[in-house]
Every structure is written in C-alpha cells, then in structure tokens.
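Engineer: kindly generate the corresponding structure for this input.
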Amino acid sequence: MNLHPLKTTLHSKPPIQPSEFPQLHFSYSPSQDGVDQNILILFHGLGDHHRNFVQFGKRMNLPQTAILAIGGPSPIPAMDPIEEGSGWFPAFDFYGNDIPASSKPALQGLLKTRALLIQFIQSCVFAAEGRWKQNPQNVFLFGFSQGGCVALDMGLSCAREGVAFGGVISVCGWLEDGMGVSLKDAGNDLSILVVQGNQDQVCPESEYSAKRKYLLSLMRDPNTCEVAIIAGKGHSMPGSDRDEVLKIMQFLSSRMTLRNLKLEAMSDVYEVK
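Structural biologist: Okay, here's the model as predicted:
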C-alpha cells in the first residue's frame, strides 16, 4: 500500500467551439461555478431554437455542469432554421400537412439525425482532450417533445453500443413504434425519466399509456425507466409546477457526480493506491 498526494485536475474543460463541427448549430455554456464535472445536452422541441434552450439550461443552475444546446438539423418548410427554428426529423410537408412520426420519412429522418448526433458526441464531447471520454456517466440528455424523442433514441442507441450516459430526461416526448433500439440483450442499463402531463393535448392520456408500454419493452431493466404524470400539465416545458421541477432535480441530483473541491485543495490529503 502506497500513499500519494492527491492530484487535482483543471476544473473547467475546453469549450466546444462551433468550428469543431459545422454540420450542426449549437450553443455551449460552461458551468456557472467553473467546474465542468458534468454536461447536460439539450434537445429543443419542434420549431424551437438552441439559443432559447441554452438559456433554459442556465436557469436550471445545476452545480458543476456545463450546458450544450443543439439545434435540430431537420428544416421545417417556410422556416429559417438559423434564425427561427427547426426540428429533428420531418413533421410537416411543404403544404403544411402533418407527417406522422411513425411514417417512413420520419423514421429515415431520425436515423439520419441519430448518425449525425453520434458523430458529434464522439468527436466533440468525447474525443477532444480533457472532456468527457472517460466519464460518459457524467453526460446527461434532456429533450422536450420531438427533442425528447431524440434524447430517448440517442440514449438507447449509445447504451446499445456500450456508452451508457448518466441519464435521459424526456418532457412530453415519446418514441413511436420503430424508433429506438432494444437493450434487452445489451450489457448496459439506462436511467430514464419521462415527464408527462395529464392535460397534454398533443399526447393525450389515451395515447401515452401505449407509448409507455412500448418504451418499457425496449429496456433491459424496466425498473430503470420512470414515468412521472403531472396533474394539470399540458404540452409544455417545465415551469412553475413544483412537483415536476422536483422530479427532474431529484433525478439529476441522484445521478450526477460532484467533486469535493475543498477536500481536493487540502495539502495533507493523500490517495491510497
């Protein structure tokens, strides 16, 4: 048994710059306390923008957590994706008609988005020196509506390939039949929280019970997936409902790793090897 002085590493990580991956638009914000131990990756809803979502992430004020808000790569007809907003897979045709999420164009669009996001995370979140390659459990995904669907798909797909994120939160977003991958014969579990309102006009109660059943059918351990039904909530982002905010914060706080900076700074603390 040998004693070694405890070595501390830099608290902040190299910021993710737009020039590193021009195929996607995104906003990156380092942790407000200067310690980028964790990272929360945000996926906005259909027709929204990453600039709005990064502000939401900052307002969460999570300790030791950088914020990365990605813009959806799927354009919406008659909308400027850079200035107005975008999506993650086709939802409307050029005449404004709905494209069902279970249709072939939507599923093909999701697969294209998945491949692009995996490439982005591998090259920008993991591969760069000093980021999160050694600690994928410190990477968390959060999405709303269509962005929640993509967050779930990404979490399952990466877990299937051996990269288990710390957790995935989807607010009012579900996978449709044919989306996502099964973890039943994979070696990884995935912690998931889906927040759903019982007054959601986009996904009414008559539909989300079936969607929950489908999601659980993909899980290696269904107990790692929690569905929180919020009374009175519509199809909306987390806001003033205390129960909803508490559920989300409890999910994150129970899984995020936080460094004890005071302990690391003590000169008489040693590591046993």
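Engineer: F140 contacts G166, doesn't it?
Structural biologist: Yes - using C-beta atoms under 8 Å, F140 is in contact with G166, at 4.9 Å. All C-beta spots, glycine's among them, are computed from the backbone N, C-alpha and C.
Engineer: identify the contacts common to the two.
Structural biologist: 38, 255-256 (C-beta atoms under 8 Å, 6 or more residues apart in numbering).
Engineer: now V171: phi and psi?
Structural biologist: Main-chain torsions, V171, degrees, to the nearest 10: phi -110, psi 120.
Engineer: who's it bridged to?
Structural biologist: F144, V195 (DSSP bridges).
Engineer: might one say that it is in contact with G239?
Structural biologist: No - applying C-beta under 8 Å, one finds V171 not in contact with G239, separated by 10.5 Å.
Engineer: more neighbours, the two?
Structural biologist: Remark: of V171 and G239, V171 carries more neighbours, 26 against 8, as counted by other C-beta atoms under 10 Å.
Engineer: quick one: contacts for the more buried one?
Structural biologist: With contacts taken as C-beta under 8 Å, 6+ apart, V171 has the following neighbours: 142-145, 148, 194-195, 237-238.
Engineer: tell me which two of these sit farthest apart.
Structural biologist: Spatial extent of the contacts of V171 (C-beta to C-beta) is set by the pair V194 and M237 at 14.4 Å.
Engineer: sorry, back to before: nearest to D48, of the contacts of V171?
Structural biologist: Minimum distance to D48 across the contacts of V171 is 7.7 Å, recorded for F144 (C-beta to C-beta).
Engineer: show me the contacts for that closest one.
Structural biologist: With C-beta under 8 Å, 6+ apart, F144 has these contacts: 43-45, 48, 170-173, 237.
Engineer: can we see that at 6 Å?
Structural biologist: Contact analysis of F144 by C-beta atoms under 6 Å, 6 or more residues apart in numbering lists 45, 171, 237.
Engineer: do V125 as well
Structural biologist: Per C-beta under 6 Å, 6+ apart, neighbours of V125: 131-132.
Engineer: mind redoing it with 10 Å?
Structural biologist: 13, 16, 39, 41, 66, 68, 131-133, 136, 139 (C-beta atoms under 10 Å, 6 or more residues apart in numbering).
Engineer: then H44?
Structural biologist: Neighbouring residues of H44 by C-beta under 10 Å, 6+ apart: 50-54, 56, 69-72, 85-88, 143-148, 150, 237.
Engineer: just the buried residues out of those residues, in PyMOL syntax.
Structural biologist: Buried residues within those, by 16 or more other C-beta atoms under 10 Å, are selected in PyMOL with:
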select buried, resi 50+53+54+56+69+70+71+72+85+86+87+88+143+144+145+146+147+148+150+237
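Engineer: which of the contacts of H44 fall within helices?
Structural biologist: Mapping those onto helices (DSSP state H) picks out 50-54, 56, 146-148, 150.
Engineer: nearest to Y95, of those residues?
Structural biologist: Q146 (19.6 Å).
Engineer: confidence score at that closest one?
Structural biologist: pLDDT for Q146: 98.
Engineer: same check on the one 5 residues further on?
Structural biologist: pLDDT for A151: 98.
Engineer: separation between the closest residue to it other than its chain neighbours and W88?
Structural biologist: Using C-beta to C-beta, 6 or more residues apart in numbering and skipping the chain neighbours, the partner closest in space to A151 is G143 (3.3 Å). Using C-beta to C-beta, to the nearest Å, G143 is found at 9 Å from W88.
Engineer: what do the two both touch?
Structural biologist: Common contacts of G143 and W88, defined by C-beta under 10 Å, 6+ apart, comprise 43-45, 70, 149-151, 153, 173.
Engineer: let me have the residues you listed in a markdown table, extended by distance to L24.
Structural biologist: Below are the shared contacts of G143 and W88 laid out as a markdown table (distance: C-beta to C-beta, whole Å):
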| residue | distance to L24 |
| --- | --- |
| F43 | 11 |
| H44 | 13 |
| G45 | 17 |
| I70 | 6 |
| C149 | 18 |
| V150 | 12 |
| A151 | 15 |
| D153 | 16 |
| G173 | 19 |
